[in-house]
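Chemist: sequence and computational prediction follow.
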Amino acid sequence: MSERRSFADALDARFGHRRLMQELLEDHVVGGARWSYAIGAALTVLLVMQGITGVGLMMVYAPSSQTAWASVHYVTHRLPWGWLLRGVHHYASDALLALSGLHLARTALVGAYRGHRDVNWWVGLVLMGLTFALAITGGRLVWDQAAYWAFKVEANITATTPIVGGALARLAQGGPQLGHFTLTRMYALHVAVLPMLVIATVALHARLRRVHGHAPVGDPGKVSPRAVQLQRDAIVAVAVVALVVALAVRAHGAPLDAPADPNSEYPARPEWFLLPLYELRRLLSGGLEAVATMVIPSIAIAFLVLLPVLDRKRDASLRARGPFLGALGLGALGGALLVLSAKRHDARDAKFQKARAAADERAAYAIELAKAGVPPEGPLEMLARDPKIRGEEIWKKECATCHTLDGKLTDEKEAAADVKGWGTAAWVESMVRDPDDPLRFGRSPFKGEMPSATKPPPGKEAEFKPMSEADVKAVSEYVAAQGKGGSTDAHAAQVFDDACGGCHELNGKGGDDSDLAPKLTGWGSYRWLRAQIADPTGGETYDVEAGHTKYKGRMPAFSKDLGPDVDVIARWLWWRLHGSWPTEAQIAAAAAPPAPAASSAPPAASSAAAISSASTAAPK
């Protein structure tokens with residue numbers, strides 16, 4: 001025991017901690033201990049939590065545009081308990097902002113900005129601004145879609161500032177565009193510059209509070225031991241920590257969107273604490289946008305800064321300070337209403353909800369994809385190599401301008417055939433029955449080129465003989481079977497030869513000189529689909545002459561523009577059509593040279609301009 005005492009005495013002789021603890025415990029709280037005073041202690045604990053979890057995240061975070069998202073993904077989904085580490089850091093930041101606002105409101109309510117406490121009020125405002133800066137810079141380090149596009153919006157707003165806007169935006173971005181140097185600057189600010197400023201500001205804030213004490217509240221004659229207040233501080237701090245951990249556990253960490261992609265579309269929204277400014281900008285769009293982004297925020301900040309100067313009356317009662325407190329209350333109420341307005345507008349915006357759902361789906365898929373590893377080139381290269389993600393992008397950019405894939409009519413006056421169900425007997429049957437249906441050739445330049453097998457052409461009703469229902473079914477099954485190795489149905493082959501072989505070529509037989517009708521050898525197969533996308537006039541799906549400029553509306557060749565992405569879009573479209581990816585055997589068959597036509601096969605073809613599929617496209 002004596003050795004322990006001597007060691008403790010030695011420490012006290014060097015650091016004097018006993019005297020400091022004694023002074024702290026013997027101190028008294030004028031007006032009595034209050035639960036509201038514990039907000040400051042909770043804020044201090046949250047800052048410590050941010051520091052501890054932040055150091056843990058620094059150990060695995062890699063600040064570059066190629067590695068940032070991958071390192072955050074690793075923490076969230078691979079590192080043991082990493083999800084909790086990041087989740088606590090994330091929700092502690094939100095709690096810090098919320099409690100900072102509550103602390104500001106309490107300080108204003110009791111008039112703690114008056115008199116000699118004005119400097120401490122200003123220091124508190126600086127500290128709150130630094131807290132916002134920490135949240136913003138930290139959020140950008142994730143480098144996902146949400147972080148990238150939120151920063152993009154904020155940079156654009158900053159750029160509208162008169163005179164210095166462009167320079168400020170470039171300074172924040174690290175150049176004319178968001179990229180690698182944006183991350184390095186945000187990282188330096190978040191882990192070095194801002195924490196040092198926060199520590200210095202907190203120390204000054206605590207020192208000033210120590211000098212001036214709490215603002216007098218309640219009965220000045222009532223005095224409570226500091227230990228009583230410390231107990232309340234501890235209870236509130238523990239409750240706040242428990243709430244933060246509970247939120248992190250409930251959400252299983254912090255959210256992670258898909259990797260930042262400058263070339264994508266994204267329903268960008270800022271963080272919750274910036275939503276009032278975002279909604280104000282939306283409501284005052286047009287010529288009043290500067291009022292929303294510059295004038296109103298500047299007035300609000302100026303009011304907070306000048307509050308100690310404006311409120312100098314001797315009477316410190318709530319009634320005397322009513323106008324100032326009313327202005328603060330209206331500002332807080334306005335901010336809350338703007339947040340509700342933004343949420344309500346988004347909830348009613350079908351286009352936004354659709355884009356949000358698509359973004360969530362992409363994020364979930366990217367997260368699962370990254371579990372197999374992210375290439376050194378970065379997560380965007382990972383997505384570019386994946387046919388599901390890249391294929392959809394190509395479809396929207398290159399194919400959706402002409403084709404639809406959902407079997408639904410659009411408002412477009414000109415469009416190529418809808419490809420939902422392509423390769424099936426049902427799709428062929430719909431073409432045989434009514435090729436001029438709006439979902440087939442009815443809105444394309446090829447309307448009227450292919451005759452219906454069941455409907456008479458105008459003016460020829462008397463002599464028209466429709467194909468029987470049995471033959472319609474038989475020939476549809478026969479054509480659909482070509483992509484699966486062919487059919488042995490002799491009757492269907494004869495019906496096809498009689499009704500379709502005059503226009504369509506099958507296995508080197510049949511066809512005409514119009515060059516309008518597709519070749520049906522292997523129609524419906526993965527090979528046929530890929531060849532059609534690569535070059536419709538390459539001789540495998542259509543005759544070479546079909547590429548003549550006289551055929552307006554012919555689908556262009558994509559092999560030159562897309563290169564290797566021809567395989568990506570072909571695989572993706574096959575997956576969308578069939579619900580499964582092409583097999584290795586199908587992919588190998590598509591890459592093999594064309595097989596010579598089998599002379600023993602029965603002649604074949606279909607009806608004029610089309611039992612084509614994704615083949616024919618409307619003019620781009």
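Modeler: Received it, and whenever you're ready, just let me know what you need.

Chemist: only C-alpha atoms from now on, for both contacts and neighbour counts.
Modeler: Noted.

Chemist: how near is L283 to S341?
Modeler: 10 Å (Cα to Cα, to the nearest Å).

Chemist: now swap in G579 and tell me
Modeler: G579 is 40 Å from S341, by Cα to Cα.

Chemist: the more surrounded of those two?
Modeler: Legend: neighbour count by other Cα atoms under 10 Å for G579 and S341, higher for S341 (17 against 10).

Chemist: now the more buried one. Nearest residue, chain neighbours left out?
Modeler: E279 (7.3 Å; Cα to Cα, 6 or more residues apart in numbering).

Chemist: residues contacting the one you found?
Modeler: For E279, the contact set (Cα atoms under 8 Å, 6 or more residues apart in numbering) comprises 338-339, 341-342.

Chemist: could you look up the SS state of it?
Modeler: Put simply, E279 is helix when judged by DSSP: H, G, I helix; E, B strand; the rest coil.

Chemist: related to what we said a few turns ago, which of the contacts of E279 lies closest to I199?
Modeler: V339 (31.0 Å; Cα to Cα).

Chemist: report how many residues lie close to that closest one.
Modeler: V339 has 21 nearby residues by other Cα under 10 Å.

Chemist: surely it touches L275?
Modeler: Yes: between V339 and L275 a contact is recorded at 5.6 Å, counting by Cα atoms under 8 Å.

Chemist: helices along the stretch 451-600 of the chain, start to end?
Modeler: 469-480, 490-499, 526-534, 559-562, 565-578, 584-591 (DSSP state H, counting those that start in this stretch).

Chemist: give me whichever of those is most buried.
Modeler: helix 526-534 (a mean of 24; mean count of other Cα atoms under 10 Å).

Chemist: what mean pLDDT does that one have?
Modeler: For helix 526-534, mean pLDDT is 96.

Chemist: cool, and stretch 415-426?
Modeler: 94.

Chemist: next, the distance between the ends of that stretch.
Modeler: 20 Å.

Chemist: how about stretch 162-180?
Modeler: 27 Å.

Chemist: neighbouring contacts of that stretch?
Modeler: 63-65, 148, 152, 155-156, 158-160, 181-182, 185-186.

Chemist: go through the residues you listed and flag which are in helices.
Modeler: Among the contacts of stretch 162-180, the ones falling in helices (DSSP state H) are 148, 152, 155-156, 158-159, 181-182, 185-186.

Chemist: turn those residues into TSV, columns for pLDDT, neighbour count and distance to H103.
Modeler: As requested, these are exported to TSV (pLDDT from 0 to 100; neighbours: other Cα atoms under 10 Å; distance: Cα to Cα, whole Å):
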residue	pLDDT	neighbour count	distance to H103
Y148	94	23	31
K152	88	19	31
A155	84	21	29
N156	79	14	31
T158	79	20	28
A159	78	17	32
F181	92	18	35
T182	92	22	32
R185	94	17	30
M186	94	24	27
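
Chemist: so where's the stretch 501-620 of the chain shaky on pLDDT?
Modeler: 513-515, 546-552, 595-620 (pLDDT under 70).

Chemist: hang on, I meant the stretch 1-150 of the chain
Modeler: 1-5, 23-28, 30-31.

Chemist: can we see that at 90?
Modeler: For the stretch 1-150 of the chain, applying pLDDT under 90 flags the ranges 1-37, 40, 109-118.

Chemist: just the strands in the chain please.
Modeler: 28-30, 223-225, 505-506, 509-510 (DSSP state E).

Chemist: and the ones you listed: which comes nearest E265?
Modeler: Per Cα to Cα, nearest to E265 of the strands of the chain: strand 505-506, 42.7 Å.

Chemist: tell me the strands beside the closest one, with direction?
Modeler: For strand 505-506, the paired strands and their directions (DSSP bridges) are strand 509-510 (antiparallel).

Chemist: how far does the strand it pairs with sit from the chain's center?
Modeler: 52 Å (Cα atoms, centre = their mean, to the nearest Å).

Chemist: likewise for stretch 287-302?
Modeler: For stretch 287-302 - counting by Cα atoms, centre = their mean - the centre lies 28 Å from the chain centre.

Chemist: ok, and what's touching that stretch?
Modeler: Looking at what lies outside stretch 287-302 - Cα under 8 Å, 6+ apart - the contacts are 157, 160-161, 277, 280-282, 284, 331.

Chemist: got these as CSV, with distance to M49 and neighbour count columns?
Modeler: Output for the contacts of stretch 287-302, formatted as CSV (distance: Cα to Cα, whole Å; neighbours: other Cα atoms under 10 Å):
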residue, distance to M49, neighbour count
I157, 32, 19
T160, 36, 17
T161, 35, 16
L277, 29, 19
L280, 33, 20
R281, 34, 19
R282, 36, 14
L284, 39, 15
G331, 30, 13
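
Chemist: return the member of the residues you listed nearest to P376.
Modeler: Nearest member of the contacts of stretch 287-302 to P376, counting by Cα to Cα, is I157, at 33.6 Å.
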